[in-house]
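> Have a look at this prediction, sequence included:
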Amino acid sequence: MVDPLRRTKILATLGPATDRPGVTEALIAAGVNVVRLNFSHGTAAAHARRVAEVRNAAKRLGREVGVLGDLQGPKIRIETFAEGKVQLRAGQPFILDCGEHPAPGDAGRVGCSYRGLPADVAPGDTLLLDDGLIALEVERIDEDRIHCRVLTDGTLSDRKGLNRLGGGLSLGALTDKDRADIRTAAELGVDFLAVSFCRSAEDLDEARRLAMEAGSQAAIVAKIERAEAIANLGEIIQAADAVMVARGDLGVEIGDAELPGLQKKIIREALAGNRVVITATQMLQSMVNSPIPTRAEVLDVANAVIDGTDAVMLSEETAAGQHPVRAVEAMVRICRGAERQFDHDTDFEAARRDLTRADEAISMAAMFLTEHIHVRAIVALTESGGTARHLSRFRSKTPIFGMSRHPEARRRMALMRDVYPIDFDSRGLAPRMAAREAVRHLFGLGLLAAGDRVIITSGDHMEQHGSTNTLRLLKVGENGAAEGLGEL
């Protein structure tokens with residue numbers, strides 16, 4: 001049964017810590033709505049085992065749990081050191097060797113995985129290693145070697161990431177590994193496919209095309225983690241089904257001071273563009289080792305919830321942390337606490353006036369009603385989950401029950417704030433009868449009670465995608481029978 005008390009959804013990354021017996025099921029029982037497969041790590045066989053466990057555990061618990069496949073993307077990394085790590089001092093010279101077969105590194109040099117880096121940088125540029133912990137200033141380029149000066153003391157170890165402050169690197173969003181992983185993701189039946197380091201709508205269009213060619217209808221998630229993505233944010237939002245505020249690499253490229261404002265901007269523009277939005281990276285990072293979060297982390301998660309994010313994500317906390325289930329439980333508590341402080345009235349004067357779809361217009365009408373009359377819930381009878389998404393963009397306090405016969409649609413709705421997916425088959429029922437049976441079904445689940453008023457959205461043709469064109473106001477009678485109050 002769904003839990004109508006929590007509106008914000010939770011993603012949890014799977015990894016070695018969740019492979020222990022019973023942990024995956026415990027995560028789902030604690031409140032995980034979508035799990036993340038990180039294709040930067042692990043084998044196809046390992047991912048397949050994890051997906052099977054998620055599907056089985058979700059079935060045992062009666063939950064709708066989505067699966068997100070996260071492509072590695074063109075992550076630039078340094079190569080390895082002869083001794084595994086080195087100590088760097090500010091002021092010392094250091095060389096990035098972008099040649100074909102660099103020797104193991106030492107305190108004066110290390111190889112780099114991106115052969116085109118010398119063409120993308122210039123003297124005076126700042127290169128950031130290990131999420132910005134080590135900074136280098138480019139002094140000169142000598143063919144495939146970049147001569148730098150170390151700006152910050154620190155320890156540098158094998159395979160750490162590399163970014164250019166301000167972005168501007170020319171490598172594309174999809175690598176050969178990503179293309180292979182898209183085929184794997186299709187075989188696994190993932191519900192969401194995240195494109196890392198996307199720069200433009202074209203990157204997302206290519207990923208969608210490759211996924212469809214592989215037989216996947218996964219929703220495409222744009223990870224905003226490049227400076228170029230901020231410049232092209234509008235077109236990226238329109239090309240994606242969802243966006244992720246990937247604060248790690250984004251913060252490195254644009255600088256930490258710019259990150260809070262950009263997070264709010266991305267959330268705001270994603271909602272305005274009718275897209276789902278996820279906030280991610282280091283949300284409860286201390287819980288990798290600690291059984292409780294810091295107060296700063298609590299405030300970070302709560303602020304994302306108050307800003308209106310659909311979902312918050314756990315990465316290393318669940319994939320490799322010592323307390324994966326406790327991390328989810330903490331996230332649930334924080335989300336609920338923040339939601340109690342969230343008081344939002346929809347400004348219909350500022351709402352769009354250029355609606356061209358009937359389902360969008362019906363969604364706006366439904367939300368207008370909820371602002372002016374008391375209703376217990378909105379019930380969206382939906383094939384694809386599209387109407388539930390339109391409804392959820394308004395951020396009303398009224399729960400939305402997205403009822404569909406399609407498992408894929410229900411798992412997509414698992415990522416939408418305020419939406420609670422319910423298995424319901426309306427085939428063979430006229431729209432009016434389907435609405436009444438939906439109310440009876442929710443009454444039987446204990447989600448509606450006698451006397452409740454509900455709004456039902458549906459279409460004249462119940463089995464067609466995008467056909468929602470009707471709004472009904474019903475009252476729940478004794479034994480779950482529905483009484484008609486009005487129809488639009």
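Great, that's in hand.
> Please make it C-alpha for all contacts and neighbour counts, starting now.
Will do.
> Now do residue 196: how many residues are near it, please.
Neighbour count of residue 196, defined by other CA atoms under 10 Å: 25.
> I'd like to know the phi and psi angles of it, please.
With angles defined as degrees, to the nearest 10, residue 196 sits at phi -80, psi 140.
> wait, it sits on residue 39?
No. Residue 196 is beyond contact range of residue 39, at 10.6 Å (criterion: CA atoms under 8 Å).
> where do the contact lists of those two overlap?
The contact sets of residue 196 and residue 39 overlap at 70, 71, 72 (CA atoms under 8 Å, 6 or more residues apart in numbering).
> any idea which of the residues you listed is closest to residue 135?
residue 72 (23.3 Å; CA to CA).
> Doesn't that closest one lie inside a helix?
No. Using DSSP: H, G, I helix; E, B strand; the rest coil, the assignment for residue 72 is coil, not a helix.
> mind pulling up the phi and psi values for the closest residue to it other than its chain neighbours?
Nearest non-adjacent residue to residue 72, counting by CA to CA, 6 or more residues apart in numbering: residue 40, 4.7 Å away. Backbone torsions of residue 40, given as degrees, to the nearest 10, read phi -70, psi -20.
> ditto for residue 368
Main-chain dihedrals, residue 368, degrees, to the nearest 10: phi -60, psi -40.
> Burial check on residue 122, number of neighbours?
Close neighbours of residue 122, defined as other CA under 10 Å, add up to 15.
> Okay, it and residue 441: tell me how far apart.
Counting by CA to CA, to the nearest Å, the gap from residue 122 to residue 441 is 65 Å.
> same question, residue 150
65 Å.
> Of those two, which one has the most company?
It is residue 150, of residue 150 and residue 441, that has more neighbours when counted by other CA under 10 Å, with 21 against 18.
> The more buried one and residue 135 touch, don't they?
Yes. Between residue 150 and residue 135 there is a contact at 6.2 Å, judged by CA under 8 Å.
> what residues does stretch 246-257 touch?
Residues outside stretch 246-257 that contact it (CA under 8 Å, 6+ apart): 128, 131-132, 163-167, 223-227, 258-259, 279-282.
> pLDDT averaged over stretch 329-340 - what is it?
Mean pLDDT, stretch 329-340: 96.
> buried sites along it?
Of the residues in stretch 329-340, 329, 330, 331, 332, 334, 335, 336, 338, 339 count as buried by neighbour count, 16 or more other CA atoms under 10 Å.
> If we only consider those residues, which is nearest to residue 95?
Set against residue 95, the nearest of the buried residues of stretch 329-340 by CA to CA is residue 331 (42.4 Å).
> Relative to residue 269, how far out is that closest one?
For residue 331, the distance to residue 269 - CA to CA - is 24 Å.
> ditto for residue 300
For residue 300, the distance to residue 269 equals 20 Å [CA to CA].
> Same check on residue 115?
Following CA to CA, the distance that separates residue 115 from residue 269 is 35 Å.
> Low-confidence ranges, the protein, go.
For the chain, the stretches with pLDDT under 70 are 1-4, 343-356, 460-467, 484-488.
> Quick check, central residue of it?
residue 278 (3.9 Å; CA atoms, centre = their mean).
> Spell out which residues make up each domain of this structure.
What automatic domain parsing lists as the domains of the chain is 9-74+172-339, 85-164, 358-487.
> list the helices and strands the helix or strand hosting residue 69 packs on?
According to DSSP states H and E, residue 69 maps onto strand 66-70. Contacts defined by 3 or more CA pairs under 8 Å, 6 or more residues apart in numbering; DSSP states H and E place strand 66-70 against strand 34-38, strand 192-195, helix 407-413.
> one step back: and the residue nearest to residue 72, how many neighbours?
By the criterion of other CA under 10 Å, residue 40 has 14 neighbours.
> so what's it up against?
Neighbour list for residue 40: 70, 71, 72 [criterion: CA under 8 Å, 6+ apart].
> just residue 391 next, same as before
Residues near residue 391 by CA under 8 Å, 6+ apart: 363, 364, 366, 367, 400.
> Check whether the third one really touches residue 471, as I assumed.
Just to be clear, that refers to residue 366. Yes. Residue 366 is within contact range of residue 471, at 7.1 Å (criterion: CA under 8 Å).
> got any residues that touch both of these two?
With CA under 8 Å, 6+ apart as the test, residue 366 and residue 471 both reach 455, 457.
> Dump stretch 180-188 to CSV, restricted to CA.
Below are the C-alpha coordinates for stretch 180-188, written out as CSV (Å, rounded to 0.1, in the frame of the first residue of the first chain):
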residue,chain,number,x,y,z
ALA,A,180,26.9,-0.7,-25.1
ASP,A,181,25.4,0.1,-21.7
ILE,A,182,22.2,1.5,-23.4
ARG,A,183,21.7,-1.9,-25.0
THR,A,184,22.3,-3.5,-21.6
ALA,A,185,19.8,-1.1,-20.0
ALA,A,186,17.2,-2.1,-22.6
GLU,A,187,17.7,-5.8,-21.9
LEU,A,188,17.3,-5.1,-18.2
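> in it, what's buried?
181, 182, 183, 184, 185, 186, 188.
> Excluding chain neighbours, what is closest to the second one?
What it means is residue 182. Closest residue to residue 182 apart from its sequence neighbours, by CA to CA, 6+ apart: residue 211 at 6.0 Å.
> before we move on, which element is the one you found in?
Assigned by DSSP H and E, residue 211 falls in helix 201-213.
> Who are the packing partners of that helix?
helix 176-188, strand 219-224, helix 233-239.
> how close does residue 259 get to residue 242?
19 Å.
> just residue 189 next, same as before
Distance from residue 189 to residue 242, by CA to CA: 18 Å.
> try residue 258
Applying CA to CA, the value for residue 258 to residue 242 is 22 Å.
> Tell me which of the two has more neighbours.
Comparing residue 258 with residue 242 by other CA under 10 Å, the one with more neighbours is residue 242, at 27 against 12.
> check contacts around that one.
219, 220, 221, 222, 270, 275, 276, 277, 278.
> can you tell me which two in these are farthest apart?
Using CA to CA, the contacts of residue 242 span at most 14.9 Å, a distance reached by 219 and 270.
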